[in-house]
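In: structure of the sequence below:
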Amino acid sequence: MNYNACIRKSIEYIEHNLENKIELEDIAHKVFLSKYHFHRIFHSVVGEPVAEYIRRRRLKEAANELLNTRNKIVDIALKYQFSSQESFTKAFKKLYGMPPREFRRNRTASSISMAA
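Out: Alright, predicted model coming up:
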């Protein structure tokens, strides 16, 4: 079986559903593998568990939205399937080393100073 094709298909599914609830069982079903086997193969090929990959991708999209929109942080958090602004802030801070509000403020300030 070509696991690379399965992983590619699963990543495409994840990328198209970052704003939706994604269940491991749904992804595994899309590539015709059991949840257990899919999780093992995904981790082996990608280098991180499925849930971590999804969380990281959602946070990356959220960071992009923080920089390029004026949407409220809570709205961005909910859009990317975080249960609350607090859980979003905690995950965001873990990945980027600062809370979303500071990230937005710092990046916006540096963009303005670079443009001047």
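
In: can you give me the helices in the protein?
Out: 3-16, 24-30, 35-46, 50-68, 73-79, 85-96, 100-115 (DSSP state H).

In: mean neighbour count and mean pLDDT for these - can I get that in CSV?
Out: In short, each C-beta sits where N, CA and C put it, glycine included. Converted to CSV, the helices of the chain look like this (neighbours: other Cβ atoms under 10 Å; pLDDT from 0 to 100):
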stretch, mean neighbour count, mean pLDDT
helix 3-16, 15, 95
helix 24-30, 16, 96
helix 35-46, 16, 96
helix 50-68, 17, 97
helix 73-79, 17, 97
helix 85-96, 16, 97
helix 100-115, 12, 70
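
In: residue 61 reaches residue 16, doesn't it?
Out: No. The criterion here is Cβ atoms under 8 Å, and residue 61 misses it with residue 16 at 12.0 Å.

In: domains of this protein?
Out: Split into domains by automatic domain parsing, the chain comes to 1-47, 54-116.
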